[in-house]
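>>> show me the folded form of this:
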Amino acid sequence: DGGGNGSEPVIALSAPAGIALASPRSIALGAGEHIDAAAREQVQLTAGEQMLLNAGQGLGTFAQSGDMRHIAHQGELLLQAQHNSARLEADQSVEISASNEHILVKAQEHITLLCGGAYLKMQGGNIELGMPGNFIVKAANHTHVGGAHASALFNEWSNAPFDDSYIVRDERTGKVLANTPVELLRSDGALLKLTTDAQGRLPKQKDLRMDAVELRLASAAPPSGNDMESTS
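Numbering: from 1, shown residues only. From the prediction side, this is the model:
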């Protein structure tokens, strides 16, 4: 009630040897303004299952002199900038490695590599090289083949974040179109010639993200009278 020697309704706890707060159930801390936790040496937060940090405006972490480590021992490490850009910068070196599988770099518009005035740019299905010095290629053999698309590579993966299976049906009758040759156009421009199975199903189409596809009967010009159902 604000009585005693103080002028505000405040509870203060102090003990020379420490204070312990424990419960076999739950402990809740809440404040209308701020919650501050400070220690001259270490602050430790431990959870036997999950720990969540949520902030409505921003979240910052800073290590003044030591290392900063983010480790997922068995699960996936996911870093996302859902509506803006992501930047990784270092005063010295940046190293990226995959011990057992692959490294894939993908962009919707273009990928550009810069070093020492030379550059490599990939955009619109083309590769552009520029350099102030010499262009040297060393290989035991040189093989040049026809064009290809990345979507064909994704379909060879054993696992992918998105793997859609499509069933082709007649739009008017709803009947599945079994053993029917079709052409499937991926967003990267790859045109795949496929055949439905006895259930009207096409081979799974895999990608790193959701992908829009166009479908038409191989024997027909632009589609009419057929429909495509996703069963991912």
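
>>> okay, now the domains of the chain?
Following automatic domain parsing, one gets these domains for the chain: 106-140, 152-230.

>>> which of the ones you listed has the lowest mean pLDDT?
Of all these, mean pLDDT reaches its minimum on domain 152-230 (a mean of 78).

>>> returning to what we had before: and the domains of the chain as a markdown table, adding mean neighbour count and distance to residue 94?
Every C-beta, even on glycine, is put in place using the N, C-alpha and C of the backbone. Shown next, in a markdown table, are the domains of the chain (neighbours: other CB atoms under 10 Å; distance: least, CB to CB, whole Å):
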| stretch | mean neighbour count | distance to residue 94 |
| --- | --- | --- |
| domain 106-140 | 9 | 12 |
| domain 152-230 | 14 | 22 |
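
>>> just send the ones you listed back as JSON lines, with distance to residue 30 too.
JSON lines is the format used below for the domains of the chain (distance: least, CB to CB, whole Å):
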{"stretch": "domain 106-140", "distance to residue 30": "43"}
{"stretch": "domain 152-230", "distance to residue 30": "38"}
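
>>> closest one to residue 38 among these?
Evaluated with CB to CB, these place domain 152-230 nearest to residue 38, the distance being 41.3 Å.

>>> now the strands for the protein?
110-115, 118-123, 126-130, 162-164, 166-170, 181-185, 191-195, 205-207, 214-217, 226-230 (DSSP state E).

>>> what pairs with the fourth one, parallel or antiparallel?
According to DSSP bridges, strand 162-164 has the following sheet partners: strand 205-207 (antiparallel).

>>> who does residue 215 bridge with?
Beta-bridge partners, per DSSP bridges, of residue 215: residue 184.

>>> do you know how far it is from residue 116?
46 Å (CB to CB, to the nearest Å).

>>> and if you look at residue 183?
45 Å.

>>> again with residue 134
From residue 134 to residue 116 the distance is 12 Å (CB to CB).

>>> please apply the same query to residue 32.
Distance, residue 32 to residue 116, using CB to CB: 56 Å.

>>> check residue 184 too.
Taken as CB to CB, the span from residue 184 to residue 116 is 42 Å.

>>> try residue 11
Counting by CB to CB, the separation of residue 11 from residue 116 is 64 Å.

>>> likewise residue 79?
Applying CB to CB to residue 79 and residue 116 gives a distance of 29 Å.

>>> got it, and residue 70?
31 Å.

>>> quick one: the helices in this protein, in order.
For the chain, the helices defined by DSSP state H occupy 150-154.

>>> residues near the residue nearest to residue 59 when sequence neighbours are not counted, how many?
Closest residue in space to residue 59, ignoring its immediate chain neighbours: residue 53 at 6.5 Å, by CB to CB, 6 or more residues apart in numbering. The number of residues packed around residue 53, counting by other CB atoms under 10 Å, is 7.
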